[in-house]
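next one to model:
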Amino acid sequence: MFIDEIQIYVRSGKGGDGAIHFLREKYVPRGGPDGGDGGRGGDIVFQVVPILNTLSKFHKKEQFIAEDGRNGKKKNMTGRSADPLVIKVPPGTVIYNADNGQVIGDLVEPDQRLVVCRGGRGGRGNQHFASSRNQAPRTGERGEPGQEMNLRLELKLIADIGLVGVPNAGKSSFLASVTNAKPKIANYPFTTLEPNLGVAELDIENTLILADIPGLIEGAHQGVGLGDAFLRHIQRTRVLIHMLDGHSMDPVLDFSQINAEMALFDSELGEKPQIVAFNKMDMPDVQEKWPEVKEAIEAKGYEVMAISALTRENVRPLLYRAAELLKTTPVPETVTGELPVYSPGEDPRDYRIEVMPDGFRVIGSAIERAAAMTYWEYEGSVRRFQRLLTVLGIEDELLDLGVQVGDTVYIGEFELVWQD
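Residues are numbered from 1 along each chain as shown. Below you'll find the model as predicted:
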């Protein structure tokens, strides 16, 4: 089953908790703090695998959660960090933030990698909080929470040449005649149901990758007949072969309609180089139309060739002409190699305070993360968190808003009671 769009949920691993422990050995009555650090949580990483050509595997699994880091241990032993969770995708996969539509990454190169959620760092053990004034700190850090996102994956086929045209124009027949692809071919009432890729060998050293895009109809850019889903696969192609149905009542009108649909979906599609192929020349009535169609298409400024995908008349010359056009068409710039970690572009220290009927809610990624990393059962950890409220300016803003002793302050999943 060909699937080219899917929505998934991903979450990186939480960091392991730092240990609060004191050395206890014979003849060492005051061994001091020896709590180890927690390990780092696993990242969520996307990697391009060239042999994949569909997103169908995500149809059965829609949640991807990385492992948490292990907790620190006594004797300053650091917990094990979790391995990254690598999600394999086909080349041509575009990753969007499903909540706001923002593009996170466009993966096209073999083995290209993108980290979308970084695993939480491990919390520090109490060994890090010892000082000359506090040689037995009963404080530490819990592991940093992982990041989570709702993602939409969209596959855009990567091909040199795209075959476009109305339903039953003969695109699938043409693809089958010049490549080893085996699309289903018949006089369907509507169109091919999914895109097909094929590789055509021009000679020993040169090949072309062709994509048969299901037949487009009027309103395709608005989703009529799944047209918008199919149009995206043309976006990566560099040259188009526009197949005209010789049996159509008006092939020139079909040509104008398809070009209009492409331009309405994406203005750049209408500017891609095109070669027009007038198909089904094995039929006498089609041959009679050829001179008139040729004149009309050339008058629009396009090159047109007469072919028969059934008898393979002129199909090779058409391929060679497309290959020549491909050489003069610049390759779009792409980012190669391993991409940096996705960043939503917001300052993690930003926060806002909402006044609620039963208290106040402090909202901000940094302060919520700090709350999740606090050992609330240890007084030293609570004092560290209170100092953070002061440094970020949250304490002063709460006072300006009228917080009173005994009021509830919500931060993340925690309910705190305001005190002097």
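
tell me the spacing between Leu114 and Gly105.
Using CB to CB, to the nearest Å, one gets 4 Å for the distance from Leu114 to Gly105. The way it works is simple: take the backbone N, C-alpha and C, and place the C-beta from them, glycine included.

would you map out the domains in the protein?
1-155, 161-327, 352-417 (automatic domain parsing).

chain center to the longest one: distance?
By that I understand domain 161-327. How far domain 161-327 lies from its chain's middle: 29 Å, per CA atoms, centre = their mean, to the nearest Å.

pretty sure Glu368 is in a helix, no?
Yes - judged by DSSP: H, G, I helix; E, B strand; the rest coil, Glu368 forms part of a helix.

right, and it touches Gly412 too?
Yes - contact criterion CB atoms under 8 Å: Glu368 and Gly412 qualify, at 3.9 Å.

what sits against the residue nearest the centre of the chain?
Central residue of the chain (CA atoms, centre = their mean): Ile95, 1.1 Å from the mean position. Applying CB atoms under 8 Å, 6 or more residues apart in numbering, we find Ile95 in contact with Phe46, Val103, Ile104, Gly105, Asp106, Leu107, Leu114, Val116, Leu151, Arg152, Leu153.

rerun at 7 Å
Applying CB atoms under 7 Å, 6 or more residues apart in numbering to Ile95 gives the contacts Phe46, Ile104, Gly105, Val116, Leu151, Leu153.

one more: Ala130?
Ala130 neighbours (CB under 7 Å, 6+ apart): Gly32, Pro33, Pro137.

surely Phe385 touches Met373?
No - the criterion here is CB atoms under 7 Å, and Phe385 misses it with Met373 at 9.0 Å.

where does the stretch 51-200 of the chain dip in pLDDT?
180-195 (pLDDT under 70).

helices along that one, start to end?
In the stretch 51-200 of the chain, the segments counted as helices under DSSP state H, counting those that start in this stretch are 171-178.

could I get the CA-only coordinates of stretch 110-129 as CSV?
Backbone C-alpha positions of stretch 110-129 (Å, rounded to 0.1, in the frame of the first residue of the first chain) are rendered in CSV as follows:
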residue,chain,number,x,y,z
PRO,A,110,21.0,9.0,1.5
ASP,A,111,21.8,8.5,5.2
GLN,A,112,20.9,12.1,6.0
ARG,A,113,19.9,12.5,9.7
LEU,A,114,17.9,15.0,11.6
VAL,A,115,17.5,15.2,15.4
VAL,A,116,14.0,16.5,16.1
CYS,A,117,13.8,15.9,19.9
ARG,A,118,16.9,15.9,22.0
GLY,A,119,16.9,13.6,25.0
GLY,A,120,16.8,15.2,28.5
ARG,A,121,20.2,15.6,30.2
GLY,A,122,20.9,13.6,33.3
GLY,A,123,20.4,15.2,36.7
ARG,A,124,23.4,16.0,38.8
GLY,A,125,24.1,14.0,41.9
ASN,A,126,24.7,15.6,45.3
GLN,A,127,28.5,15.4,44.8
HIS,A,128,28.2,18.6,42.7
PHE,A,129,26.6,20.6,45.4
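
list the buried residues for it?
For stretch 110-129, the neighbour count (16 or more other CB atoms under 10 Å) marks 112-127, 129 as buried.

any idea how far the closest residue to Met149 other than its chain neighbours lies from Leu318?
In space, Met149 comes closest to Val10 once its chain neighbours are excluded; the distance is 5.6 Å by CB to CB, 6 or more residues apart in numbering. Noted for Val10: a distance of 44 Å to Leu318, by CB to CB.

ok, now Ile87?
With CB to CB as the criterion, Ile87 and Leu318 are 39 Å apart.
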